[in-house]
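> Pasted the sequence and its predicted model underneath.
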Amino acid sequence: MAESGNGCQCREIPFAQVKETVARLCIEANCVLGDDMVRALENGLKAEESETGKEIFQQLLKNQEIARADMMPICQDTGWAVVWVEIGSEVRITGGALGTAIQEGVAKGYTEGYLRKSIVADPIRRKNTGNNTPAIVYYEIVPGNKLKITVQPKGGGSENMSEVKMLSAADGVEGIKRFVVDRVWRSQANPCPPIIVGVGIGGTFEKCAQLAKRALLREVGSVHPDPFYAQLEQELLQEINKLGIGPQGFGGRVTALAVFIEAFPCHIAMMPCAVNINCHAARHKSAIL
Amino acid sequence: MTSDKKHITTPLTEEVVRNLRAGDAVLLSGKIYTARDLAHRRLVESLERGEKLPFQIQGAVVYYVGPSPAKPGKPIGACGPTTSYRMDPYTPKLLSVGLKGMIGKGNRSPAVIEALKQYCAVYFAAVGGAAALLAQRVKQATPVAYEDLGPEAVQELLVEDLPLIVVNDCYGGDLYEEGVRRFRKEG
């Protein structure tokens, strides 16, 4: 603890510690699939009826074993590094700015971890930045003296199948269901099913997209704390799995492994809805400093 | 599909292509070439200028992949397929000069499916995301062209028993359409 000029008792975290942590999380997230996802793939294998679909699940389970053992990326698309930061109001970073530590950590992790650099500096002129920066960073200031960092590498194939729609209140829950299921139907094999579907409802145009992305951080197998949304998640999952797209789009029973919803207060004139699709490698790793 | 996989070798002949049907599981061996978005643009621009391509296109198979960097001592990093539709605008041109096979994931455009019939070629899918498993089947990787494109550079890969599934055959067969139709539940 260090006392600053204005009398605030601040916990100091060195710049280097943040940078090293981010670098480690980038590598671990890309090479070690979460236990929840491994269980979800095992359950998918049991539920799938298509022979080709079963073979896909077996390949994916074998793939994550090889990746974990060799510390090789689960997927060659090691993604945008999306970084979620919860910083306690009593935390101060010493030796440099927090934002710089995160960007330098991503550059270090992607370089030293032999992860693919997929970011171009300009959307039209398309020159690769060479170190996978800039990362997309979301900050939230929370009470306390801890710093929580989550790295969520997000692949381009599934991201391209995502969408925001400005629904109106009159569209109701049926409008949301139609939009989400239709978005998955139009995606077919492209986002590498079996998928995880993140749905954001409410907020503004950009807020609901962020909610959909944050929904993808939920542990697979977890149940929404609000029974209304827990039921809506189950109904959406059933509707999606009736589509028959199946693993890799070759036809089958398991198109999605989970649907996660995040809802937020809404303006009286609006009901925006966003769908952010993740492939079967729903990757994310967190650390608390 | 685990039991009776067809073993095939590059360069692909018309006879081999005619023997493949949508839904077949295949193990591919031989040399293949990596190429994705920007590499495709450059290949087609070369053809339009009347230049030679940087590899022998007759009977060739291209793999839509942007591998992660190889660790020391390994020929390649993780190397699963990327989404194919982005290459659709360039594909009929490459098929017209002798390309026989493509490896990617996801649906192709009607124009590509038509060109597969016209030029007797085949579209395979590898399992998207199975990148560590697929990397084990790559024995050697040699840069061929466009090294300035980083992960999009063209490389020659020597592969052994690369596990693939035939999606679009040269008869108009389409596994995505047939498979989903079989499992879709209405209502």
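All right, it came through fine.
> Show me what residue of chain B gets nearest to chain A.
B:Gly179 (2.4 Å; C-beta to the nearest C-beta). C-beta coordinates here come from the backbone N, C-alpha and C atoms, glycine included.
> Now the closest residue to that residue other than its chain neighbours. Its backbone dihedrals?
Once flanking residues are discounted, B:Gly179 sits nearest to A:Gly251: 2.4 Å by C-beta to C-beta, 6 or more residues apart in numbering or on different chains. Phi and psi for A:Gly251, reported as degrees, to the nearest 10, are phi 100, psi 130.
> same check, this time on the one 10 residues further on
The phi/psi pair for A:Ile261 (degrees, to the nearest 10) reads phi -110, psi 140.
> which ones are touching it?
By C-beta atoms under 8 Å, 6 or more residues apart in numbering or on different chains, the contact set of A:Ile261 is A:Val199, A:Gly200, A:Ile201, A:Ala215, A:His224, A:Tyr229, A:Leu232, A:Glu233, A:Leu236.
> how many neighbours does B:Leu134 have?
28 (other C-beta atoms under 10 Å in any protein chain shown).
> pretty sure it is in contact with B:Lys105, am I right?
No. Counting by C-beta atoms under 8 Å, B:Lys105 is not a contact partner of B:Leu134; they are 11.5 Å apart.
> shared neighbours, those two?
Counting by C-beta under 8 Å, 6+ apart, the residues touching both B:Leu134 and B:Lys105 are B:Gly80, B:Ala126, B:Val127.
> most surrounded residue in those?
For the shared contacts of B:Leu134 and B:Lys105, the largest number of neighbours (other C-beta under 10 Å) sits with B:Gly80, at 31 neighbours.
> Skipping adjacent residues, who's closest to that residue in space?
B:Gly80 sits nearest to B:Ala131 (C-beta to C-beta, 6+ apart), 3.5 Å away.
> I'd say the one you found and A:Asn63 touch.
Yes. At 7.0 Å, B:Ala131 and A:Asn63 qualify as touching, with contact defined as C-beta under 8 Å.
> Do a quick rundown of the strands in chain B.
B:6-9, B:25-34, B:61-63, B:101-104, B:122-125, B:138-145, B:154-168 (DSSP state E).
> Sorry, slip of the keys, the one I care about is the stretch 51-200 of chain A.
A:80-88, A:91-94, A:136-142, A:147-154, A:163-167, A:195-201 (DSSP state E, counting those that start in this stretch).
> which ones are touching the residue nearest the centre of chain B?
For chain B, B:Ile103 is the residue whose C-alpha lies nearest the centre (C-alpha atoms, centre = their mean; 2.0 Å). By C-beta under 8 Å, 6+ apart, the contact set of B:Ile103 is B:28, B:32, B:61-65, B:81, B:124-126, B:162, B:164.
> if you set the cut-off to 10 Å instead, what comes out?
B:Ile103 sits next to B:28, B:32, B:34, B:61-65, B:81, B:84, B:122-126, B:134, B:159, B:162, B:164-165, B:167 when contact means C-beta atoms under 10 Å, 6 or more residues apart in numbering or on different chains.
> Which residue, other than its chain neighbours, is closest to B:Asn19?
B:Lys6 (7.6 Å).
> surely that neighbour meets B:Val17?
No. The pair B:Lys6 / B:Val17 is not scored as a contact, 11.7 Å apart, by C-beta atoms under 10 Å.
> Mutual contacts of the two, please.
Joint contacts of B:Lys6 and B:Val17 (C-beta under 10 Å, 6+ apart) are B:Val166.
> who's more crowded, these two?
Between B:Lys6 and B:Val17, counted using other C-beta under 10 Å, B:Val17 has the larger neighbour count: 20 against 15.
> The more buried one: what's it in contact with?
B:Ile8, B:Gly59, B:Lys100, B:Gly101, B:Leu116, B:Tyr119, B:Cys120, B:Ala121, B:Val122, B:Val166, B:Asp169, B:Cys170.
> what about 8 Å?
By C-beta under 8 Å, 6+ apart, the neighbours of B:Val17 are B:Lys100, B:Gly101, B:Cys120, B:Ala121, B:Val122, B:Asp169, B:Cys170.
> Pipe those residues into JSON lines and attach distance to chain A, neighbour count and pLDDT per row.
Formatted as JSON lines, the contacts of B:Val17 follow (distance: C-beta to the nearest C-beta, whole Å; neighbours: other C-beta atoms under 10 Å in any protein chain shown; pLDDT from 0 to 100):
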{"residue": "B:Lys100", "distance to chain A": "22", "neighbour count": "24", "pLDDT": "98"}
{"residue": "B:Gly101", "distance to chain A": "18", "neighbour count": "27", "pLDDT": "98"}
{"residue": "B:Cys120", "distance to chain A": "23", "neighbour count": "17", "pLDDT": "97"}
{"residue": "B:Ala121", "distance to chain A": "19", "neighbour count": "25", "pLDDT": "98"}
{"residue": "B:Val122", "distance to chain A": "16", "neighbour count": "28", "pLDDT": "98"}
{"residue": "B:Asp169", "distance to chain A": "14", "neighbour count": "24", "pLDDT": "97"}
{"residue": "B:Cys170", "distance to chain A": "19", "neighbour count": "21", "pLDDT": "97"}
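> for chain A, what helix or strand is lowest in average pLDDT?
strand A:2-3 (a mean of 52; mean pLDDT, DSSP states H and E).
> right, and the helix or strand after that one?
Following strand A:2-3 in sequence order, the next helix or strand is strand A:9-14 (DSSP states H and E).
> so what secondary structure elements neighbour the following helix or strand past that following strand?
For strand A:9-14, the following helix or strand on the C-terminal side (DSSP H and E) is helix A:15-31. On a contact count with 3 or more C-beta pairs under 8 Å, 6 or more residues apart in numbering or on different chains; DSSP states H and E, helix A:15-31 meets strand A:91-94, helix A:98-112, strand A:147-154, strand A:285-288.
> What average pLDDT does the longest one get?
So the one you mean is helix A:98-112. The predicted model gives helix A:98-112 an average pLDDT of 98.
> ok, it near chain B or not?
No. Helix A:98-112 lies apart from chain B when judged by C-beta under 8 Å from any C-beta of the partner chain; the minimum separation is 8.8 Å.
> neighbouring contacts of that helix?
A:15-16, A:18-27, A:78, A:81, A:83, A:85, A:87, A:93, A:115-117, A:131-135, A:137, A:149, A:151.
> Are any of the residues you listed buried, and if so which?
In the contacts of helix A:98-112, burial by neighbour count holds for A:15, A:18-27, A:78, A:81, A:83, A:85, A:87, A:93, A:115-117, A:131-135, A:137, A:149, A:151, counting by 16 or more other C-beta atoms under 10 Å in any protein chain shown.
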